[in-house]
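**Q** Next input, structure requested:
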Amino acid sequence: MTNQTSGTPPRAATLTDVARLAGVSIATASKAINGRDQVKAETRLRVLEAAERLSFAPNALARGLLKGRTGTVGLLTSDLEGRFSIPVLMGAEDAFGAGRVSVFLCDARGDAIREQHHVRALLSRRVDGLIVVGSRTDPRPPLGAEVPVPVVYAYAPSEDPEDMSITADGVGAGRLAVEHLLSCGRRKIAHVSGDPAYKAAQDRATGAAAALEAAGLSLVGNQTYFGSWSEGWGRGAARMIVEQHPDVDGFFCGSDQIARGVLDALRELGRDVPGDASVIGFDNWEVLTTNARPQLTSVDMNLERVGRIAAQRLFAAIDGTRRPGIEELPCRVVTRESTAPIS
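**A** Numbering: from 1, shown residues only. Prediction:
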């Protein structure tokens, strides 16, 4: 018999532990984590949340090592300094587990030639798979069918529907934001967003319009006010909207930068937030939301979860279970002082 000492590291979570916490069978837990279609959406979510709580990572790579694999993975980003790519990368690395998988991180800096160079370098190191993280949600060209290992695209989906892509549900996020304002009793809601060339801006506008239509309402001005992703645009747009539609009582902003500008303009115009108007931003960038006056309610895209799910899908693909197509994960509203029910 082997005696364990207090210095023995804690036992790694197993699939049995995940199944027990989620209240499902081991077979169901396995199907949920590997992305099989036979599992209900709510069951899959419960299993994935249990896996995250237990810091469980599928042992596909451990089994793969017995088949001659290297236990290494490449993480390729287009924007290592970006606001959105870093949380995705953190989530992916968390799912890989400390010491379980060696990770090679490369920054292509948005350059297609540099990206291909990094891909060749990673393949020369015999990585077992790749995660490609985009800097915006617009679909991007695939790496190509000649890449001999599984590839998962995170945040920015691949243009090829046969590829595996994990991204945030932008349309659903726009709907969530407006539904939150509606729940606060707001009925005259304006949508101020960024560059209309961005898919993110269009998706959020589509979701916002759908939520208002379902409530029998329409956007203030019957349009989304597109501009730039900046506080300056937020200030200018808010002033224009209040002048043209003085009864406006809610603002859904396409980014936290825009929302900060809207808050500044409303304060300068003598409009109380959230008394006269509620304001919700997007991205939940805490350096902006928690330092705003008042603190800013915002939509969080759960980007670390996008990264974790991307890593889980890569594990499954390395093990032979591939799930093609775009998988959109839900966002959430983080409520702070800038939104409140009408008193």
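**Q** residue nearest the centroid of this structure?
**A** residue 303 (3.4 Å; Cα atoms, centre = their mean).
**Q** can you tell me which residues contact that residue?
**A** 84, 87-88, 91, 155, 168 (Cβ atoms under 8 Å, 6 or more residues apart in numbering). All C-beta atoms are positioned from the backbone trio N, CA, C, and that covers glycine.
**Q** wait, residue 28 sits on residue 46?
**A** No - judged on Cβ atoms under 8 Å, residue 28 makes no contact with residue 46 at a distance of 9.9 Å.
**Q** Give me the common contacts of these two.
**A** Joint contacts of residue 28 and residue 46 (Cβ under 8 Å, 6+ apart) do not exist.
**Q** Show me the shaky parts of the stretch 151-300 of the chain.
**A** Within the stretch 151-300 of the chain, no stretch has pLDDT under 70.
**Q** the strands in it, which residues?
**A** Along the stretch 151-300 of the chain, counting by DSSP state E, counting those that start in this stretch, strands occupy 151-154, 164-168, 189-192, 224-225, 250-253, 278-282, 297-300.
**Q** okay, the ones you listed in JSON lines with mean neighbour count next?
**A** Shown next, in JSON lines, are those (neighbours: other Cβ atoms under 10 Å):
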{"stretch": "strand 151-154", "mean neighbour count": "26"}
{"stretch": "strand 164-168", "mean neighbour count": "26"}
{"stretch": "strand 189-192", "mean neighbour count": "26"}
{"stretch": "strand 224-225", "mean neighbour count": "22"}
{"stretch": "strand 250-253", "mean neighbour count": "31"}
{"stretch": "strand 278-282", "mean neighbour count": "29"}
{"stretch": "strand 297-300", "mean neighbour count": "26"}
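**Q** now these in JSON lines, with distance to residue 198?
**A** Shown next, in JSON lines, are these (distance: least, Cβ to Cβ, whole Å):
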{"stretch": "strand 151-154", "distance to residue 198": "17"}
{"stretch": "strand 164-168", "distance to residue 198": "13"}
{"stretch": "strand 189-192", "distance to residue 198": "14"}
{"stretch": "strand 224-225", "distance to residue 198": "12"}
{"stretch": "strand 250-253", "distance to residue 198": "14"}
{"stretch": "strand 278-282", "distance to residue 198": "12"}
{"stretch": "strand 297-300", "distance to residue 198": "15"}
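**Q** isn't residue 123 right up against residue 151?
**A** No - look at residue 123 against residue 151 with Cβ under 8 Å: they stay out of range, at 11.0 Å.
**Q** on that earlier part again, the strands of the stretch 151-300 of the chain: which one's closest to residue 76?
**A** Ranking the strands of the stretch 151-300 of the chain by proximity to residue 76 (Cβ to Cβ) places strand 151-154 first, at 9.1 Å.
**Q** Could you confirm residue 322 falls within a strand?
**A** No - Residue 322: not assigned to a strand; according to DSSP: H, G, I helix; E, B strand; the rest coil it is coil.
**Q** Next one: it, what pLDDT does it get?
**A** At residue 322, the model reports a pLDDT of 87.
**Q** What of the one 5 residues further on?
**A** According to the prediction, residue 327 has pLDDT 95.
**Q** Only alpha carbons, please: show stretch 158-178 as PDB.
**A** Provided in PDB are the C-alpha atoms of stretch 158-178 (Å, rounded to 0.1, in the frame of the first residue of the first chain):
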ATOM      1  CA  SER A 158     -13.700  30.800 -40.500                       C
ATOM      2  CA  GLU A 159     -15.400  31.600 -43.900                       C
ATOM      3  CA  ASP A 160     -15.500  27.800 -44.500                       C
ATOM      4  CA  PRO A 161     -18.700  26.300 -43.000                       C
ATOM      5  CA  GLU A 162     -16.900  23.000 -42.700                       C
ATOM      6  CA  ASP A 163     -14.300  24.400 -40.300                       C
ATOM      7  CA  MET A 164     -14.800  24.500 -36.500                       C
ATOM      8  CA  SER A 165     -15.600  28.000 -35.200                       C
ATOM      9  CA  ILE A 166     -16.500  29.300 -31.700                       C
ATOM     10  CA  THR A 167     -17.800  32.900 -31.300                       C
ATOM     11  CA  ALA A 168     -20.000  35.100 -29.200                       C
ATOM     12  CA  ASP A 169     -23.700  35.400 -30.300                       C
ATOM     13  CA  GLY A 170     -23.700  39.000 -31.400                       C
ATOM     14  CA  VAL A 171     -27.400  39.100 -32.500                       C
ATOM     15  CA  GLY A 172     -28.500  37.500 -29.200                       C
ATOM     16  CA  ALA A 173     -26.300  40.100 -27.300                       C
ATOM     17  CA  GLY A 174     -28.100  43.000 -29.000                       C
ATOM     18  CA  ARG A 175     -31.400  41.400 -28.000                       C
ATOM     19  CA  LEU A 176     -30.200  41.000 -24.400                       C
ATOM     20  CA  ALA A 177     -29.200  44.600 -24.100                       C
ATOM     21  CA  VAL A 178     -32.500  46.000 -25.300                       C
END
